[in-house]
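Engineer: Pasted the sequence and its predicted model underneath.
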Amino acid sequence: MTTEQNESYHLSAPLRFDFDSAANKANPFPLFASMRAAGPIIPVKLPFVGKGWVTTTYDATLAMLKDNAAFVQEARHAGRSGTAGMKWWMPRSLKLLTNNMLLKDEPDHRRLRKLVDQAFRRRCVRDMRNNIEQIADRLLDDFEGMDEADLANAYARLLPLEVICELLGLPRQDREVFSTWAKTATSMRSSFGILRAFFSMSGVINYVRDQIEDCRRELREGVISDLVRAEEDGDKLSEDELVSMVFLLLFAGFETTTHLISDSIVALEQNPEQKAYLLADPAGRMERAVEELGRYTTPVQSTKPRYVARDCEFFGQQLRQGDIVMGQLAGANYDPAEFDAPDQLKLDRFPNPHLVFSSGIHFCLGMQLARVEAQVALSRLYARYPNLVLAAPDDIEWIERYGLRGVKALPVRLNALRVRQAA
Ligand code: HEM
């Protein structure tokens, strides 16, 4: 689609793009380029959210994220009621999950974030890298003797799950509960899907409540206990806030990291010269490489919806109070005005001011953890299996969901070279 850069649009007449097609998931660059060609902020119709504006360029996305006075998370601060994507008929217990910092404006956001930030930092700085290495090695041990494995489900998915459960202080034997819940929750694509997910989620809500109760009775290692104990300016978390916080940490920190790891493996296998460059000096090159793999794959393609707080003009468009706006992080990360040859994976790219973890007051709380997880996951995997190859390179199945880019499965041949030599 080509349109004049400064054409004025109306939210009532959204432009049409095929966000979820397999082709666009496999190669997202043309889709985001065509949106950018239509203007820095354009109206679209989004699955589940409905009509809303999306930013398409680096400058517009960053400006939107930084201006938390003009773009707010809470509908009531923009003259509306409800929460984007949440319908009136949804059960109260599901709505309580929206009681978290990502969906709050100041000063509530600051209060909630400060409480968890403290608990989180204390845990993360404390030698989490060692723990993550041990978890990665243990998961890789399970591949011993196998020629093929599904790295998405048996590695990229389990590693962040183990890490976040350990961080929260959940008993090891219960981790499967979360895994099952997260799978259902992340397969929601419609109101009906949400309702279906609710039934599986309500069990987990009760489980989280029980865990919090247990921690209240007897403190244990982990962020849940830290939060129970936390007292910040005399302010404690309410029960609902605490449940919602645990869900946010789990949800925000689990699937996102899974996709970063899986997508990075796909990107490396599709760019063998870049893989060779990385494996020539993994210790020296991994940090910068993960930044670029994050930018190139942008597993979280879009932010959550914000509302326009008051009528304003923004990058040439007239926005009305209450309009929904989403920042397209992928649009920003693939913008040639900011990144030279954005559709190329250049593991030595520097500087790399990507927006993988968003920006502004809601920038990702877990970004350091996610970075370390990805660095460790790739280092340990390729140290053991440097010759692995995708088992079905032309048949990668992408998750069809707006805003996320990840694979459903990632079958690989672990010892491709050895197998070839033996043949
Ligand atoms: C590759 C992995 C990850 C990616 C790409 C990612 C991305 C993001 C993005 C884009 C946002 C902002 C959303 C918005 O502005 O609407 C965000 C927020 C957040 N992330 Fe992450 N995230 C990752 C991993 C994690 C991890 C491991 C945790 C914690 C365990 C975490 C916790 C959070 C929290 C709590 C917020 C909300 C912060 C706030 O509202 O102040 N994330 N993340």
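Structural biologist: It's in.
Engineer: CA atoms for contacts and neighbours, from now on please.
Structural biologist: Fine.
Engineer: Does D263 touch R295 like I think?
Structural biologist: No. D263 lies out of contact with R295 (CA atoms under 8 Å); the separation is 10.9 Å.
Engineer: the bottom helix or strand of this structure by mean pLDDT?
Structural biologist: helix 416-422 (a mean of 57; mean pLDDT, DSSP states H and E).
Engineer: what secondary structure does whichever residue of the stretch 151-300 of the chain sits closest to the ligand sit in?
Structural biologist: Nearest residue of the stretch 151-300 of the chain to the ligand: G253, at 3.2 Å (CA to the nearest ligand atom). Here G253 is helix, with the state taken from DSSP: H, G, I helix; E, B strand; the rest coil.
Engineer: What about the residue in the stretch 101-250 of the chain positioned nearest to the ligand, how many residues nearby?
Structural biologist: Per CA to the nearest ligand atom, L102 is where the stretch 101-250 of the chain lies closest to the ligand, at 3.2 Å. For L102, the neighbour count with other CA atoms under 10 Å is 20.
Engineer: That one falls within a helix, correct?
Structural biologist: Yes. With three-state DSSP as the criterion, L102 is assigned to a helix.
Engineer: Do I have it right that it meets I361?
Structural biologist: No. In this structure L102 lies outside contact range of I361 using CA under 8 Å: 9.4 Å.
Engineer: quick revisit: who's in contact with the residue of the stretch 101-250 of the chain closest to the ligand?
Structural biologist: By CA atoms under 8 Å, 6 or more residues apart in numbering, the residues touching L102 are Q73, H109, H362.
Engineer: most surrounded residue in those?
Structural biologist: Neighbour tally across the contacts of L102 (other CA under 10 Å): the maximum, 26 neighbours, falls on Q73.
Engineer: is it true that T61 touches N333?
Structural biologist: No. Counting by CA under 8 Å, T61 sits too far from N333 to count as a contact (9.8 Å).
Engineer: who has more neighbours, those two?
Structural biologist: N333 (30 against 27).
Engineer: pLDDT value on the more buried one, please?
Structural biologist: For N333, the pLDDT comes out at 98.
Engineer: next one: V204
Structural biologist: For V204, pLDDT reads 76.
Engineer: do the same with T3
Structural biologist: Per-residue confidence (pLDDT) for T3: 44.
Engineer: for this structure, what spans make up the strands?
Structural biologist: Secondary structure of the chain (DSSP state E): strands located at 41-46, 50-55, 71-72, 148-150, 306-308, 312-314, 317-319, 324-327, 389-390, 411-413.
Engineer: now for the fourth one, which elements pack on it?
Structural biologist: This means strand 148-150. strand 411-413 (3 or more CA pairs under 8 Å, 6 or more residues apart in numbering; DSSP states H and E).
Engineer: neighbouring strands for the strand it packs on, and are they parallel or not?
Structural biologist: Strand 411-413 pairs in its sheet with strand 148-150 (antiparallel), strand 389-390 (antiparallel), by DSSP bridges.
Engineer: what does the stretch 301-423 of the chain put close to the ligand?
Structural biologist: Contact residues, the stretch 301-423 of the chain versus the ligand (CA under 6 Å from any ligand atom): 303-304, 356-358, 361-367, 369-370.
Engineer: So which of the residues you listed is surrounded by the most neighbours?
Structural biologist: Top of those by neighbour count (other CA under 10 Å): V356, with 27 neighbours.
Engineer: So for the residue lying closest to M367 once chain neighbours are set aside, what's the pLDDT?
Structural biologist: Distances taken as CA to CA, 6 or more residues apart in numbering put F357 closest to M367, at 6.5 Å, once the chain neighbours are dropped. Note on F357: pLDDT of 98.
Engineer: got the contact list for F357?
Structural biologist: F363, C364, M367.
Engineer: I figured the second one was touching L355, is that so?
Structural biologist: No. Taking contact to mean CA under 8 Å, the distance of 10.1 Å between C364 and L355 leaves them out of contact.
Engineer: Show me the two of the residues of the stretch 301-423 of the chain next to the ligand that sit farthest apart.
Structural biologist: K304 and L369 (20.8 Å; CA to CA).
Engineer: Only the buried residues of stretch 33-43, if you could.
Structural biologist: Across stretch 33-43, burial judged by 16 or more other CA atoms under 10 Å covers A33, S34, M35, R36, A37, A38, G39, P40, I41, I42, P43.
Engineer: Done for today, thanks.
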